[in-house]
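Participant: Got a sequence here, can you build the structure:
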Amino acid sequence: MAALKAAVAHCRKELIVKLTGAKIILERGILEGTVSVSGERIAYLSAEKEEGIDLTGYYLLPGFVDNHCHGSGEHWFYDEPAKAALWHLREGTTSIHASLWRNKPCYPYPETYARIRQAQKTARNIRGIHMEGPYVDPHYGADAIDEWPVRREEYLAWMEAGNDLVDYWTIDPNLPGIRDFALEAQRRNIHLGVCYSEVKPELLEQYVDLGLTIGTHILCGTGKAKPMFAGTYEPGSDEFVLVDDRMYAEVIADSLGGHVRPYYLKLIYKCKGPDRTILVSDCCACGDTFGSDVNVINGELYGSRLTLSVAIRNMKKHTGAGIVELAKMASTTPAKALGLYAERGSIAPGKIADLVILDRDLMVKGVLLGGEWVRKEF
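Facilitator: Modelled structure (predicted):
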């Protein structure tokens, strides 16, 4: 106990900043008081309003965690990863996974990995890489291609090249050879997601034990299982994700309801709740927006122009979720899904001081990354 008191006293002496007066959004409720930051970490929380930066009238949330993002509207992660990541950082996303699609500009993957690894020196919010394919059903998703066979030598080479970055991979469990891939991914602690597949729940059950716990942007062209009888409706990956309590559900909550209709947002939230729902941007680049936050290329829905700050406002509008629940879906739950939670995803003593300040309209007014100001508009 004496050692703990001494450590706390030392932290108090070394404080760099105190954020006080805000509604501090914790996992289990709201604290009105002070968050004190020492160096890159949160030193302590207090229920008292202490002397410091006055944030009365604002919300203080853990920094957003975007597990699925291809770009920033103007820049793709495969091409300009630092510019893409820093654009999202100013909008409160303090942890981001660079998503690589199955289209040709991402190839060869090892060179893209190296580019993203180099970008981490500038964009300190890049946490890893999400591989969205190429081992998925070619009939689904934008930029459809021919079937991509699962070749062991190929994926082992990719895993080796990206062994410090690739930690989330979306697959189709129906593909020949994918079980051995999943076993290798599990050995390397790569989280697996399911999408673009006609897989049925019975097979998915087997893959949960192999580390498949994420439904990649569900209810968004993810694929449909073939029915037993014509004219009937067969449960597939989306239904499995909604029903199985072990599964996380990614959601693209754009303003138009283009990816997921508002009624489906309500369904997902009702089935999964904030502890298993993950807001993602699926942000892309170089398309038309038609004045909204969708992204359209060659007349085809091709991701979004979302930031997570916009996604939480949309989720609030369509589901009525409260600020505590919104913070979970944008920060805590995605951090848990990809193993970041020990250091990030919630406001607690000892954690990295990745924080975002929102006004009453949930607009971003301030961002701290590792205790350093990235944006300060109050």
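
Participant: Could you list the residues in contact with the helix or strand where residue 333 lies?
Facilitator: Using DSSP states H and E, residue 333 sits in helix 333-337. Contact with helix 333-337 is made by 62, 65-67, 95, 191, 213-214, 248, 274-280, 340-341, 344-346, as judged by Cβ atoms under 8 Å, 6 or more residues apart in numbering. C-beta here means a position set from N, CA and C on the backbone, and glycine is covered the same way.

Participant: So which elements touch the helix or strand just after it?
Facilitator: Heading C-terminal from helix 333-337, the first helix or strand you meet, by DSSP H and E, is strand 355-358. Under the contact definition 3 or more Cβ pairs under 8 Å, 6 or more residues apart in numbering; DSSP states H and E, strand 355-358 sits against strand 17-26, strand 59-62, strand 364-369.

Participant: The same query, at a cut-off of 7 Å, please.
Facilitator: Here strand 355-358 touches strand 59-62, strand 364-369, going by 3 or more Cβ pairs under 7 Å, 6 or more residues apart in numbering; DSSP states H and E.

Participant: that older thread, quick check on the contacts of helix 333-337: which are buried?
Facilitator: 62, 65-67, 95, 191, 213-214, 248, 274, 276-280, 340-341, 344-346 (16 or more other Cβ atoms under 10 Å).

Participant: Looking at these, which are in strands?
Facilitator: Under the assignment DSSP state E, the buried ones among the contacts of helix 333-337 contribute 62, 65-67, 95, 191, 213-214, 248, 277-279 to strands.

Participant: Which two of those residues have the greatest separation?
Facilitator: For those, the maximum inter-member distance is 21.2 Å, found between 62 and 213 (Cβ to Cβ).

Participant: what's in contact with whichever strand or helix holds residue 327?
Facilitator: Applying DSSP H and E as the criterion places residue 327 in helix 323-327. Helix 323-327 is contacted by residues 25, 29-30, 59, 61-62, 274, 312, 315-316 when judged by Cβ atoms under 7 Å, 6 or more residues apart in numbering.

Participant: tell me how far it is from the chain's mean position?
Facilitator: From the chain centre to the centre of helix 323-327 is a distance of 15 Å (Cα atoms, centre = their mean, to the nearest Å).

Participant: Quick check: mean pLDDT of that helix?
Facilitator: The pLDDT scores in helix 323-327 average 98.

Participant: what do you get for stretch 177-194?
Facilitator: Averaged across stretch 177-194, pLDDT comes to 98.

Participant: try stretch 16-26
Facilitator: The model assigns stretch 16-26 a mean pLDDT of 95.

Participant: do the same with stretch 59-74
Facilitator: The average pLDDT for stretch 59-74 rounds to 96.

Participant: Please point out which parts of it sit buried.
Facilitator: Within stretch 59-74, the residues scored as buried using 16+ other Cβ under 10 Å are 59-73.

Participant: Name the nearest of the contacts of helix 323-327 relative to residue 138.
Facilitator: Top of the list for closeness to residue 138, among the contacts of helix 323-327 and by Cβ to Cβ, is residue 315 at 31.2 Å.

Participant: Please name the bridge partners of the residue lying closest to residue 127 once chain neighbours are set aside.
Facilitator: Spatially, and ignoring its direct neighbours in sequence, residue 127 is nearest to residue 95 (4.8 Å; Cβ to Cβ, 6 or more residues apart in numbering). Note on residue 95: beta-bridge partners residue 65, judged by DSSP bridges.

Participant: Over to the one 5 residues further on?
Facilitator: Beta bridges link residue 100 to residue 131 when assigned by DSSP bridges.

Participant: who's in contact with it?
Facilitator: Listed by Cβ under 7 Å, 6+ apart, the contact partners of residue 100 are 78, 106, 109, 112, 129, 131-132.

Participant: try it again with 6 Å
Facilitator: By Cβ atoms under 6 Å, 6 or more residues apart in numbering, the contact set of residue 100 is 78, 106, 131.

Participant: State the pLDDT value of it.
Facilitator: pLDDT, residue 100: 96.

Participant: Format the helices and strands packed on strand 355-358 as TSV; extra columns: distance to residue 218.
Facilitator: Putting those into TSV (distance: least, Cβ to Cβ, whole Å) gives the following:
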stretch	distance to residue 218
strand 59-62	24
strand 364-369	27
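
Participant: Which stretch among those approaches residue 157 most closely?
Facilitator: The nearest among the helices and strands packed on strand 355-358, by Cβ to Cβ, is strand 364-369 at 33.1 Å.

Participant: Show me what that closest one is packed up against.
Facilitator: Judged by 3 or more Cβ pairs under 6 Å, 6 or more residues apart in numbering; DSSP states H and E, strand 364-369 is in contact with strand 355-358, strand 372-376.

Participant: which SS state does residue 87 fall under?
Facilitator: Three-state call for residue 87 (DSSP: H, G, I helix; E, B strand; the rest coil): helix.

Participant: Can you check what pLDDT the model gives it?
Facilitator: 97.

Participant: any idea how far stretch 363-378 is from the chain center?
Facilitator: 19 Å.

Participant: that older thread, now the helix holding residue 333: average pLDDT?
Facilitator: 98.

Participant: shouldn't residue 357 be in contact with residue 58?
Facilitator: Yes. Counting by Cβ atoms under 6 Å, residue 357 touches residue 58, with 5.2 Å between them.

Participant: Who has more neighbours out of these two?
Facilitator: Higher neighbour count among residue 357 and residue 58: residue 357, with 23 against 19, using other Cβ atoms under 10 Å.

Participant: And the pLDDT for the more buried one?
Facilitator: pLDDT at residue 357 comes out at 98.

Participant: Same question for residue 234.
Facilitator: 93.

Participant: burial measure for it, as a count.
Facilitator: Using other Cβ under 10 Å, the number of residues around residue 234 comes to 14.

Participant: just to revisit the earlier point, name the nearest of the contacts of residue 100 relative to residue 365.
Facilitator: Taking Cβ to Cβ as the measure, residue 365 lies nearest residue 78 of the contacts of residue 100, at 31.5 Å.
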